[in-house]
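Q: Could you work out the structure for the sequence below:
(2 chains)
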Amino acid sequence: MVLAIEPMKKYPWRLNNLHVKHGVMNAAVELLREKIPFVQSMCQAIGHSIINVVQALGSITMFVLQTLRHCLTPPIFIKHVLRQFIDIGYYSLPVVGMTALFTGMVLALQSYTGFSRFNAESAIASVVALSITRELSPVLAGLMVAGRVGAAIAAEIGTMRVTEQIDALSTLSVNPTKYLVVPRVIAGTIMLPILVLIGDIIGVYGGYIVSTHVLGFSSGSYLYQTWQVLENMDIISGLVKAAAFGFLVTLMGCYHGYNSGRGAQGVGRATTNAVVTASILILIFNYLLTQVFFS
Amino acid sequence: MTIRNKIEMRNVFKSFGTKHVLQGINLDIPVGSSMVIIGGSGTGKSVMLKCVLGLIQADKGSIKVDGQEMIGSSTRAREEMMKKFGMLFQGGALFDSLPVWYNVAFGLIHGKDMGKKDARILAIEKLESVGMGEAIADLYPAELSGGMQKRVALARAIATNPEIIFFDEPTTGLDPIMADVINELIGKCVKNLGATALTITHDMASAKKIADHIAMIHEGKIVWTGPVEDLEKSGNPYVDQFIHGRADGPITDPQSNLLKSA
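A: Residues are numbered from 1 along each chain as shown, chains lettered A, B, ... in the order given. The predicted structure is shown next:
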């Protein structure tokens, strides 16, 4: 009640004694009085979070524009790009390969249990090939790389921010965006399609192993069906998606690291945010790109 | 007589949200002098330094370096200006993915397009000038002690022969002997280069050793400035409290705190 009196004192014009005279009104006004602080704080919270979202969108947009500008203007640190090729591409190969292999295998197994009810076992090869190349290989590779590479980038750049190494770059006449962000974003955008292409092959091969060795298909007809059903567009759409995901993952890692808060806690939060935002953006862009390609 | 000022700050303001850190800084730093800014923690020393460097954009006011306006200048102009600066960061801020010699040579290789071989030779020369040699050149910063890291950072700050060097709390976190070594080195390096130096510190021994001029900052304003000899007889209550390290005085006075919150 003490709280409820506060807004009355603050805003006497809102409720005056005339309103309070009547019995029924009394209860309603009483209720309203109690709710005023609550409504106020709710509006405040909503407004606050909207402002935060708009601010974040603005700063991400600026970051993207700056990154793209530096991607297109020399000098580019070629050695750093090559090193990131190894870090982002080569070292992600085991993770992406294992993911693709077991996804392909389980896909064959699951679609067999479903399709055998309708005597449609022959469709397994097409299901495996299409789902792997169009959806699963790019999305799962993207998510795995977000966890492996996005987190590492955010932690590394975040630590550099916290220990003033990014400021030190500026004082030594090196643009931090050019030196840290551009090589990673270029490497991510180029390497993820290559990883996904390898993932495509391994994934289809996983389906092939299960179909021929466990489910007893003939290897010739399985491969023939796979070959028949796949079109260039299936592969290409997957690779374009992969490039977009590679860009998103590295960009989010760099953005959150670059704007990391203070101390170990700040870096930890930057790492979490990098992985979470990258993963969600991958799923959103996957839908959007699918709609562009296949509708 | 006219002494040309290397750095001129006029009415510099900077706020972070509702926190008003700099509230009208006015400061002149003559060419070739060593200015030390003293003041408690959280009074805006570091922010002021970063405003001059352009790492933080000041809200309003004017910062002129060699007569050239820094606030609102283009990124390119600021990057050009950076080549005149060297900076020793509080924590060293050495690049931990690079060996020591490359850290020292970084500004030479990337800022001045020097070849790696020449840069390495020069870097080792600079390391020797801060009392270290080729033996540590191929180590990584994490393998060095705090004092050694500070010395490497100093070598990196002076490697490009800058006209202006900034020192951010150069002796913080070092034992008294190492602190004195660093102070000696700073004095020597600045003299040898003929550079203008701007140091921020709350270590009075260090301040007296390095400074020609001293300025005291309190609550985002310069409250006193003068030559180092006048420090003891400044007659300024803020300075007196600070240099004698007293708990009672205008800095900690509740009266002045009341004024601040009003």
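
Q: Show me what from the stretch 151-262 of chain B comes close to chain A.
A: B:156, B:160 (C-beta under 8 Å from any C-beta of the partner chain). C-beta here means a position set from N, CA and C on the backbone, and glycine is covered the same way.

Q: low-scoring stretches of the stretch 151-262 of chain B, by residue?
A: Low-confidence segments of the stretch 151-262 of chain B, defined by pLDDT under 70: B:253-262.

Q: could you pull out the helices for chain A?
A: A:2-10, A:17-20, A:23-72, A:78-84, A:93-115, A:124-131, A:137-145, A:151-162, A:165-171, A:176, A:182-209, A:219-229, A:232-258, A:263-294 (DSSP state H).

Q: Which of those sits closest to residue B:55?
A: Counting by C-beta to C-beta, residue B:55 lies closest to helix A:165-171 out of the helices of chain A; the figure is 5.1 Å.

Q: tell me what that closest one is packed against?
A: helix A:151-162, helix A:176, helix B:45-53, strand B:85-88 (3 or more C-beta pairs under 8 Å, 6 or more residues apart in numbering or on different chains; DSSP states H and E).

Q: and with 7 Å instead?
A: helix A:176 (3 or more C-beta pairs under 7 Å, 6 or more residues apart in numbering or on different chains; DSSP states H and E).

Q: Contacts only, for the residue of the stretch 151-295 of chain A found nearest chain B.
A: With C-beta to the nearest C-beta, the shortest gap between the stretch 151-295 of chain A and chain B falls at residue A:173, namely 3.4 Å. Each residue near residue A:173 by C-beta atoms under 7 Å, 6 or more residues apart in numbering or on different chains is listed here: B:79, B:82, B:83, B:107, B:110, B:111.

Q: and with 10 Å instead?
A: B:79-85, B:106-107, B:110-112, B:160 (C-beta atoms under 10 Å, 6 or more residues apart in numbering or on different chains).

Q: Can you show me the strands along the stretch 51-200 of chain B?
A: B:60-65, B:68-69, B:85-88, B:164-168, B:196-201 (DSSP state E, counting those that start in this stretch).

Q: following the last one, which helix or strand comes up?
A: As assigned by DSSP states H and E, the chain's next helix or strand after strand B:196-201 is helix B:204-210.

Q: Include mean neighbour count and distance to residue A:28 when you put the strands of the stretch 51-200 of chain B into a markdown table, please.
A: As requested, the strands of the stretch 51-200 of chain B are arranged in a markdown table below (neighbours: other C-beta atoms under 10 Å in any protein chain shown; distance: least, C-beta to C-beta, whole Å):
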| stretch | mean neighbour count | distance to residue A:28 |
| --- | --- | --- |
| strand B:60-65 | 18 | 51 |
| strand B:68-69 | 12 | 62 |
| strand B:85-88 | 26 | 65 |
| strand B:164-168 | 24 | 62 |
| strand B:196-201 | 25 | 62 |
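
Q: can I get the ones you listed in TSV with distance to residue B:14?
A: TSV is the format used below for the strands of the stretch 51-200 of chain B (distance: least, C-beta to C-beta, whole Å):
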stretch	distance to residue B:14
strand B:60-65	8
strand B:68-69	16
strand B:85-88	18
strand B:164-168	16
strand B:196-201	15
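
Q: ok, now how distant is the closest residue to residue B:195 other than its chain neighbours from residue B:227?
A: The shortest distance from residue B:195 to any non-neighbouring residue, by C-beta to C-beta, 6 or more residues apart in numbering or on different chains, is to residue B:165 (5.2 Å). In this view, residue B:165 and residue B:227 are 20 Å apart by C-beta to C-beta, to the nearest Å.

Q: thinking again about what came up before, how about the helices of chain A, which one is nearest residue B:97?
A: helix A:151-162 (8.4 Å).

Q: relative to helix A:232-258, how tilted is that closest one?
A: 30 degrees (axes from the mean of the first three to the mean of the last three C-alpha atoms, to 10 degrees).

Q: still on that earlier bit, deepest-packed of the helices of chain A, please.
A: helix A:137-145 (a mean of 26; mean count of other C-beta atoms under 10 Å in any protein chain shown).

Q: who touches residue 106 in this structure?
A: Defaulting to chain A. Residue A:106 makes contact with A:128, A:206, A:207, A:210 under the criterion C-beta under 10 Å, 6+ apart.

Q: meant chain B actually
A: Here residue B:106 is in contact with A:168-169, A:172-174, B:94-95, B:98, B:119, B:123, B:156, B:159-160 (criterion: C-beta under 10 Å, 6+ apart).

Q: now those: which count as buried?
A: Neighbour counting with 16 or more other C-beta atoms under 10 Å in any protein chain shown marks A:168, A:169, A:172, A:173, A:174, B:94, B:95, B:119, B:123, B:156, B:159, B:160 as buried within the contacts of residue B:106.
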